[in-house]
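pasting the structure only:
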């Protein structure tokens, strides 16, 4: 519920200087979005400002002052409801329903206004999307709406010899297998405190942010634990798919990204976390070398572990091999990341 002076919260005027910071994170054009919102609510704002335009002009953010002078007086509709579009939010054309109505006190004076806003999509569609979403992961995604550098552990996983398996199985059964695998992977990542990245077919990416897990050691540990949890889930996936456990070989590449740029990609069709940086490409090279169902982790990741975490994971002492020296090293690994030390975890 909005107080009579719309936008005034906790003693600070909501349309005053600094309001652009509120919308910057979600908008590519925060000034345009702010001006659009102000124009929509202007009749109510003006009506409930005791000093009229002069007082309002002195209180609003400078980017709104010209609107105070230029916008015409209009009667305030007691209840208004309309579908509106905004091309400013996330740079995407979005539709939403917005309803505003007055609230009066016992004496009949205006006590404030209520604005109810909902997506244009019906609840059946919203519930379909939200019913299987884990709120912990949704909250983590919200924390990275604004892209920034975030040190994190990186997990890459892929189904080995997937082309041969897809040719062997009916397409519908291979699709079901891939779906079971991806669901299990996402569950393991979320349970370990990570962020699910992009899925490429039956491939999985995930990021474990130090700022979310509390420390670099905790992030590295969570990454290793997620890989082990997913490997442990393979037997159940194989059984439900009428396959032998050896038919599902997962290879893992684990790496540390000190300079990852992590943020949210949002379009009209999807919302997903992604990370960019050299370490992401290196993690992909490590994963491609982990043939035979191995889990290869870089020295940069393993040595983030504190002593207690390393002991709990059974990784107190590890010897490393340069990625380019592995018998399973791919041409891309020898070209792009030959000097990265790795070990089995």
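That came in fine, so what should we check first? These numbers come from a predicted model, not from an experiment. Numbers count the residues shown, from 1 in each chain.

Got the domain ranges for the protein?
Domains of the chain are assigned by automatic domain parsing as 8-125, 134-344.

First-to-last residue distance for the longest one?
The distance separating the two terminal residues of domain 134-344, taken as C-alpha to C-alpha, to the nearest Å, comes to 31 Å.

So for it, mean pLDDT?
For domain 134-344, mean pLDDT rounds to 93.

List phi and psi for residue 343.
Here is the backbone geometry of residue 343 (degrees, to the nearest 10): phi -150, psi 160.

Which secondary structure state is assigned to the closest residue to it other than its chain neighbours?
Leaving aside its sequence neighbours, residue 343 sits nearest to residue 318 (C-beta to C-beta, 6 or more residues apart in numbering; 4.4 Å). Any C-beta I mention is one placed from the backbone N, CA and C, and that applies to glycine too. Of the three states, residue 318 takes coil under DSSP: H, G, I helix; E, B strand; the rest coil.

any idea how far residue 318 lies from residue 120?
Using C-beta to C-beta, to the nearest Å, one gets 54 Å for the distance from residue 318 to residue 120.

Quick check on those two: which one has the bigger neighbour count.
residue 318 (16 against 12; other C-beta atoms under 10 Å).

and stretch 292-309, how far out from the chain's middle?
Mean C-alpha position of stretch 292-309 versus that of the full chain (C-alpha atoms, centre = their mean, to the nearest Å) differs by 25 Å.

Could you tell me which residues make contact with the closest residue to residue 313 other than its chain neighbours?
Nearest residue to residue 313 in three dimensions, chain neighbours excluded: residue 224, at 5.8 Å (C-beta to C-beta, 6+ apart). Residues near residue 224 by C-beta atoms under 8 Å, 6 or more residues apart in numbering: 254, 295, 297, 301, 313, 315, 345.

Show me the strands in the stretch 101-250 of the chain, by range?
110-119, 148-149, 152-159, 195-196, 204-209, 250-257 (DSSP state E, counting those that start in this stretch).

List the residues that contact residue 258.
Contacts of residue 258 (C-beta under 8 Å, 6+ apart): 151, 279, 300.

which one of the residues you listed is nearest residue 340?
residue 300 (7.7 Å; C-beta to C-beta).

any idea how far residue 293 is from that closest one?
In terms of C-beta to C-beta, residue 300 sits 23 Å off from residue 293.

related to what we said a few turns ago, in TSV, list the strands of the stretch 101-250 of the chain along with distance to residue 329 and mean neighbour count.
What follows is those, written out as TSV (distance: least, C-beta to C-beta, whole Å; neighbours: other C-beta atoms under 10 Å):
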stretch	distance to residue 329	mean neighbour count
strand 110-119	49	14
strand 148-149	30	12
strand 152-159	16	27
strand 195-196	28	24
strand 204-209	21	28
strand 250-257	12	26
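
can you list the ones you listed in JSON lines and add distance to residue 46?
Output for the strands of the stretch 101-250 of the chain, formatted as JSON lines (distance: least, C-beta to C-beta, whole Å):
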{"stretch": "strand 110-119", "distance to residue 46": "13"}
{"stretch": "strand 148-149", "distance to residue 46": "38"}
{"stretch": "strand 152-159", "distance to residue 46": "48"}
{"stretch": "strand 195-196", "distance to residue 46": "44"}
{"stretch": "strand 204-209", "distance to residue 46": "45"}
{"stretch": "strand 250-257", "distance to residue 46": "51"}
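
hang on, residue 146 packs against residue 261?
No. Between residue 146 and residue 261 there is no contact under C-beta atoms under 8 Å: 11.3 Å.

Those two: which has the busier surroundings?
Between residue 146 and residue 261, counting by other C-beta under 10 Å, residue 261 is the more crowded of the two (14 against 10).

So which of the contacts of residue 224 are in helices?
residue 301 (DSSP state H).

now, which of the contacts of residue 224 lie within strands?
Using DSSP state E, the subset of these located in strands is 254, 295, 297.

which residues touch the last one?
In this case it means residue 297. So residue 297 contacts 224, 253, 254, 255, 286, 342, 343, 344, 345 (C-beta under 8 Å, 6+ apart).
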